[in-house]
Every structure is written in structure tokens, then in C-alpha cells.
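S.K.: no FASTA, just this:
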């Protein structure tokens, strides 16, 4: 029985439990709900929870554990002789899983009976051809031990599934019965049910932590694999990036880091003055009417997906910069360049800088403005000499957040910056960034044993550490600053 | 106490000044003030200009993707070619491959040449038939297989014109560029002009762009967004079903129940940081955990949905918490005062009042997820998918594309016609985003309460 069906059955049992539990609660109180500790619905809820929660937990744990158990049992059946040179037990196990899935289709649509399968011998029958007939393509011929392993795999899985179904349903019924027998007018059903709901809420809020743990674990684990295949010293200090899918590649992060920082630098050079001035103008000068138009217009920029910016860079900005700046100045012929990506990314960052700066400028107490004006300063002098210094930590925080965005941005650089990894000072040359290389190393058919693929995880980890560091510094600065005026 | 005047320097003779006349220093300061204001206006001007240019560039380049050149032809469904045995059995008709339908189109061109008295020198019906997209014969075959009883009749079809012909009417292809192009000849373009004059060739709105699946490298005219829209829709469904309940539950706990302790602090810092983790890192997470570890299929909307859920959670949590915070404490006190439990207070009173804000935040989170591209590239959504995924829930595990990834996909192809398609796809994406944001704003305006 499939897991989905088991899930449905458990839910049905739980619902039935709810109805029965509610009725029993009323019955024990002689039909008078005032004699009960909690409202009758809560008694139903306790039965529901006891019927569903342990059973579903069991189901999930079982589903996670079962593949390990089954694979351990079957992988021993494969003859070491049947593992081809250059292959590994894991790869053969992948075949075993496919064959076992193929046998299922054979039985379902191929017209073979279970008995046929049980007596079938891979030595006599061409299993590969047979399976190809039902649309399951295999990479190699099927050996006897592999086929036996597949049969055993299938058999064990079936048995385990059956045991799982039975156990989960028993757990559900037992839970329901337990909660049902506990129902009496003094039973504090509401407290029990609310405690369970609270546990659920806690579990949900822990998902954020699980995500972080998942990110860190997957990055660290695969990066560790990478450094076993490729020396860490070369990764961090080599000046060349030249992946070869035949091996012997140079995977130095420095050219990528240079490209990343260069693009981000140009983007910030563009975004910070514009964003900051726009924020100052909207906060200090603009009339409410102008404000009501300008602020949403700038915020629209933040809502546009980055792929749109990427296409804008590719189709409009790139050729424009090439035709009017790079070629006349003799600086290059490439439409994808650091400049293209930097300018477009700068446009994307304007709203980040401006809305955060706007907040901090507005947080500067009015008394400081009044004091400055009272001493005879002009408005711009007040802004430059009083408000900006007071708001500086917050603005720095905003800039750091924007920088972390710029470093982690992917689509704009994928479409705008180019793919050539080099270190050059010419902004009209195509360079590449960490994120571009993560995409190019991990898209398409990837094999997870080569350093050329695993390097993407090391790049991802570097990216994660850098952006996380920037964010934490920014948050600390902003928080300190807020405390100053609160 | 000494008199200042006796110790300090004696005041020199003052220059005569008037408040009416500005001195040089005041002028300078006022000029600086004006300049400063101008910088502000300039900055806003640049920002707005960038926005306008961006939108205009997309609209101008992309709107032509929704119009397509069609050639209307009366095709005689020749029984001698389609049903050689004359049995009318569907199996026999199905044996005729797409290739076998090409002569019918050539025949139709011959008829048109004779009837309307058009034609270009050196142009055979065979080369003329190249005006029609290779999709044309496939379209014919599908029609015949669906309506085998019409074999022997003459049926009128709207065929897609080939990508180069379409490009000619959109200004992408010129006579000069056709000289150098191996896919089209100037003669074919002349013929296209004549066909247009004869009313056979027309440009009209192309619904297929929104409903067709993607097409291969050499037939951009047939490529559509159908699979991508369905894929995006499925992913949004997954995000909504998972992120909304989990996000709301997490926010309720953090905002209403959580004690101030280290664990809560860690969760809070975590959520703030997750909101700022580069999206591509989530892609790596999806690849490592969902695909490699959990063994979910590549290119499937379920994996995309899960990754986007994790990405959207912080947004939803932050919005929901703000919304819960804005419900005044008096509501809680009143509910607690008449004997409700803490849980009842939250679920019966606070949550319903916070609902509009939560929904607004959720829609904005969904809009953000809809436009996200980078993580989807890593989990294999770039694959070329021609088949529509099945109905959910099984369809969630079928390969599909996604709108923003389709845009990326098309920009990576050689034929410039695909760039036009990509811009058209962007317009579609922006329209969806516009709708979602408008709904969010309306929700906020209609239901948000000021306490």
C-alpha cells in the first residue's frame, strides 16, 4: 500500500476518532456539557491527536529509514565480480533500484506474472531487452547476482511496506483507543490539545533552523569531499580558473572573486550615491505629493525579478555600452562586461539603499534638525553636517546589505557579465563571478564525484560565508544605531 | 567677571550690509543649497528613468512575441497520400509520418500560385513550402489523426510562418540579411510579400504563445509558454500549501508564545539571516538535500516548490509577525478576561484580525518566489520539456519548466527570434506579478484596520 494511502487512512481514523471522542465526552457527562472540564470538541481533538500524531511520526521515520535498511540487505547479494571496473557498488545499486522498478512495470503492463519473475534467471533471459520493451532503459546487461539482488530488493521493499502499513494503522488505532478510554468529565482535554498544538507551532518555527542547518551541512559536507580531491591551497590561492571535464583542471577562486568584487564595486558606485540622494530628497525635501509618487516608483524596481534585469543587461544595456563607450574608446568589443552587469545591478540596488537609508534618516530626531536650523544652517548644511553623521551607522549598514545582495546576485551576472574567468582592470571586458560559475558547474548532467562539480559547493560555501558575514555586521551596526535614539 | 569687550579684540569697523542684499558667502551657501537639491532631483530622475527604460525596453521588444505571421492555406487531404490502402483505419493513417504530409502543403502552394497568379522566378512549390514552419506538417498530421473522416475533403488551415518569414515582417530579417542566411532566400521573402498582398499571409494575435509547449532550436515560431506557466503554477501551489501554514504557525509561536530565551533568539537571528542568504545557495541546498539525498526527481515542480518555500518562509514570517503585532493588546486582554485560554485568544481573535496583513504578505512572498530563477537552474528546471505535466498531485513529480527559467533558456539559444520570445515571456511574467501585487494592495486597502 502506498504511503499516501496509509496517510489517508490514518487521517480518516483520526477524524472518526474526533467524532466518537466528542460523543463519548458528552455521554460521560450525561449530555450536559457544563459538567465537562473542557468543551466537547476538545475531547474529540485529543482523540484526533493521539490517533494521528504518533502514527504519522512513525510513518515518516519509517520512510526515511527503510531505504537504508533495504539497501544494506541487498547490496551484500551482489557478487564483487559483477561490479565492473570503474564502477562502484553504489552505481550497481542504482541499477538494482531501476531493475526492481522495471519488474514492477513488467508485472503491471508487460504481462508477466509474479511466478514468472520468481523463476526468471538472468543467465537465460535477456532482462535488459525485456525491460527495454516496457520503457525501462538500462546502461548495461544484467548479471545474475544483480538480478537476484533486484528481486530481493523488490521483495524486501514489498514486505517492509506491508509491515509499515500494518504498524502505522495499529499505532493509529491504539492511539485513538488510548485517548478514547481516558475521556471522563475531569479529563483536562483542552490543556492536552493546546499543548500538542503548541508543540506543532514550535516545530514549525524550528524549520528556519533546520533550513540553515541543511544549508551549512550540505555545503560543508560536499566541500569536504572537494578538498579531498583537490588541494585547498590551490583553490584559495591559484590565479587560474580552467575546469576540464577530463580532469587536470585549475580551480582557483581568485579570478572569480575578483570578478565578483569588481562587479559589486561598480554596482555600489552607481547605486549608493543615487540611492542615498534619492532617500535624502524624499525624506527631507519632497512634498507629500511628490513623495507618494516617487517612493512607490523606486520600490517597483525592487519588485522586478532579477531575470528581467538580466535580460535588460543582455539586450539593451550591453550593446549600448559596447557601441557608445567600449568601441569608441577602444576598450573592448564585448557586449557582456563588468560594466554592463555593474550598471544594471546598480539599478537593482537603488531601492535597497534608498529605502533603508530613508528609514534611518527619518529616525534621526527632529530636535537635531530644529537645532541646526535654529543656528542658521541651510537645509543642505543641516543634512550634510548633522543628519548624515547621525545616520551614518545606519547608512553603512544599508550599504553593507546592498553589497551582500550584489555579491550573491546571480541572474544579472549570468546574462550580463560573461563567462571568461580573468583578472583585469578594464571594466569593459567580460569577466565572471562566483555565482556564474556555480550555475555553470551545476547545470546540465552532473556527476557528483568529480572536483569540477564539487567545486561549486566550495564556491557556494565561500559565498555563503561572505554574505553571512556582511549581513551580521550590517545587522549589528543597524541595531546599535537604533538603540542610540530609542 | 570681566567685561568681554575689554579683554577681547576690539571690534573692527563693520562693513555696511543689508539683509536685502546677499553677500558673497550667503550666495555661495544658497547656491550650494540649490545644487544639493538638484542632486536629489537628479538621483530620483535617474532612478525613474532607469525604471521607465527597463519597462519600455521589455514592452517594445517583447510585445511582438504575441503577434505571429500565419499563412492560411486550403489543403486537399489527398486520400492517395494519407490512406494508401483506402481502408480508413486509423492505424494505417498513423503510419504516414510527418514527412509524408509535406507534399500536401506543396500542392496547396501550387494551387495558390495558379489561382492568384503569383510566384517568383526560380521558385518551386518545394522551396515555397519552406515559408511554412516545420510545425505545419505536424499540425496537419494531428488534425488528420483527430478527424480521419475528413480525408478527401479540402480544409482551410492557419499555418505558422517560418521564424525567418515572421522576422521579416517584424523587421528582424531584411533582404540583405537573407542573402547571407542559409535558412531563407530573398526570393522567399518576395514571395511572402506577394502572399501578403493576396491576403494569404496575415499577422495576428498568437494565443499559441501562451499555450504551446517549448519548441526545438530551429522552430522558434512554435515555441510557447504553456509548460512553463503550468510549472510555475504548480510551484506556487506547493509554496502556498506549505509556506503559508508553516509561516503562520512559526510567527504565532514567536510572536505570542515564545519565552525570551536563547533558543528563541537563535530562531530570530536565523530567520533574519535566511532572508538575506543569496538565492542560489537555496538552489545548492535543493540539489544536495532534495535531489541527491531524498532522491526526488530533477526538473520537477515539487522540488522547485520546496526550495521556493524555504526561500519564501522568512518573507511570510516577517510579514505575519508585523501583522500580529499590529493587533492591539486590548483585544487579547478582553479575550483573556472573559476566560479564553491563550490558544483560544490567538486562534479566535488575534489571527482573524491579522488575516488581511498575513494574506498581503503571503501574496508578496509568492510574487517574489514566482520571479526567482537562480535556484531553479540548479535543480534542473532548465531541461528542455515538451510534454505537459500531468494533473496534480502526480503531475508535481513530472518534469516541467518555469516562467523565469524559460526566459533564461531562450536567451541561451542562437536564433534571435528566441530573444523576442524571451521578452514576451517577461511581459507575461510581469503581468502575473502586476496582478498579484494589485490584489495585495487591494486587500490591504480594503481590509486593513487602523487601530
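M.R.: Nice, I can see it. Computed from a prediction, not measured in an experiment: that's the story for all the values here.
S.K.: who does whichever strand or helix holds residue B:438 touch, helix- and strand-wise?
M.R.: Here residue B:438, judged by DSSP states H and E, is contained in helix B:417-447. The helices and strands touching helix B:417-447, judged by 3 or more C-beta pairs under 8 Å, 6 or more residues apart in numbering or on different chains; DSSP states H and E, are helix A:306-312, helix B:24-62, helix B:163-169, helix B:208-211, helix B:226-252, helix B:351-370, helix B:403-411. Every residue, glycine included, has its C-beta placed from N, CA and C.
S.K.: least reliable of these going by mean pLDDT?
M.R.: With a mean of 82, helix B:163-169 has the lowest mean pLDDT of the helices and strands packed on helix B:417-447.
S.K.: C-terminal to that helix, what's the next element?
M.R.: Toward the C-terminus from helix B:163-169 - assigned by DSSP H and E - lies helix B:175-180.
S.K.: Show me what that following helix is in contact with.
M.R.: Contact partners of helix B:175-180, identified using C-beta atoms under 8 Å, 6 or more residues apart in numbering or on different chains, comprise B:164, B:168, B:184, B:185, B:186, B:188, B:189.
S.K.: got the residue ranges for the strands in the stretch 251-400 of chain B?
M.R.: Ranges of strands within the stretch 251-400 of chain B: none, based on DSSP state E, counting those that start in this stretch.
S.K.: The stretch 201-350 of chain A too?
M.R.: A:241-242, A:250-251.
S.K.: Could you single out the most deeply buried of these?
M.R.: Using mean count of other C-beta atoms under 10 Å in any protein chain shown, the stretch among these with the largest mean neighbour count is strand A:250-251, at a mean of 21.
S.K.: thinking again about what came up before, turn the helices and strands packed on helix B:417-447 into a markdown table, including distance to residue A:179 and mean neighbour count.
M.R.: Listed next are the helices and strands packed on helix B:417-447 as a markdown table, based on distance: least, C-beta to C-beta, whole Å; neighbours: other C-beta atoms under 10 Å in any protein chain shown:
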| stretch | distance to residue A:179 | mean neighbour count |
| --- | --- | --- |
| helix A:306-312 | 51 | 27 |
| helix B:24-62 | 59 | 16 |
| helix B:163-169 | 67 | 25 |
| helix B:208-211 | 52 | 17 |
| helix B:226-252 | 23 | 23 |
| helix B:351-370 | 26 | 21 |
| helix B:403-411 | 47 | 26 |
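S.K.: mind checking which of these is nearest residue A:178?
M.R.: Residue A:178 sits nearest to helix B:226-252 of all the helices and strands packed on helix B:417-447, at 25.9 Å, using C-beta to C-beta.
S.K.: Could you check the angle that closest one makes with helix B:417-447?
M.R.: Here the directions of helix B:226-252 and helix B:417-447 differ by 30 degrees (axes from the mean of the first three to the mean of the last three C-alpha atoms, to 10 degrees).
S.K.: can you give me phi and psi for residue A:186?
M.R.: Phi and psi for residue A:186, reported as degrees, to the nearest 10, are phi -90, psi -10.
S.K.: Pull the number of nearby residues for it.
M.R.: By other C-beta atoms under 10 Å in any protein chain shown, 9 other residues sit near residue A:186.
S.K.: so it makes contact with residue A:37?
M.R.: Yes. Shown here, residue A:186 and residue A:37 form a contact pair, counting by C-beta atoms under 8 Å, at 6.0 Å.
S.K.: now the helices for the stretch 251-400 of chain B?
M.R.: Counting by DSSP state H, counting those that start in this stretch, the stretch 251-400 of chain B has helices at residues B:262-274, B:279-285, B:301-325, B:329-337, B:342-344, B:351-370, B:374-378.
S.K.: Compare the mean pLDDT across these and name the weakest.
M.R.: Per-segment mean pLDDT for the helices of the stretch 251-400 of chain B reaches its minimum on helix B:262-274, at a mean of 85.
S.K.: Right, and chain A sits closest to which residue of the stretch 1-150 of chain B?
M.R.: residue B:40 (2.9 Å; C-beta to the nearest C-beta).
S.K.: Please name the nearest non-neighbouring residue to that residue.
M.R.: Distances taken as C-beta to C-beta, 6 or more residues apart in numbering or on different chains place residue A:281 nearest to residue B:40, at 2.9 Å, with adjacent residues excluded.
S.K.: sorry, back to before: what about the helix holding residue B:438, distance to the chain center?
M.R.: 8 Å (C-alpha atoms, centre = their mean, to the nearest Å).
S.K.: Same question for stretch B:278-291.
M.R.: 21 Å.
S.K.: How far does that stretch stretch from one end to the other?
M.R.: One end of stretch B:278-291 to the other measures 20 Å (C-alpha to C-alpha, to the nearest Å).
S.K.: Name the SS class of residue B:68, please.
M.R.: Three-state assignment for residue B:68 (DSSP: H, G, I helix; E, B strand; the rest coil): strand.
S.K.: Tell me which residue of the stretch 201-350 of chain B lies closest to chain A.
M.R.: Closest point on the stretch 201-350 of chain B to chain A, by C-beta to the nearest C-beta, is residue B:278, at 2.5 Å.
S.K.: who's in contact with the nearest residue to that residue once chain neighbours are set aside?
M.R.: Among residues not flanking residue B:278 along the chain, residue A:408 sits closest, at 2.5 Å (C-beta to C-beta, 6+ apart). Contacts for residue A:408 (C-beta under 8 Å, 6+ apart) come out as A:435, A:463, A:467, B:277, B:278, B:279, B:280, B:281.
S.K.: Would you check how far apart residue A:408 and residue A:156 are?
M.R.: Plainly put, residue A:408 is 45 Å away from residue A:156 if you go by C-beta to C-beta, to the nearest Å.
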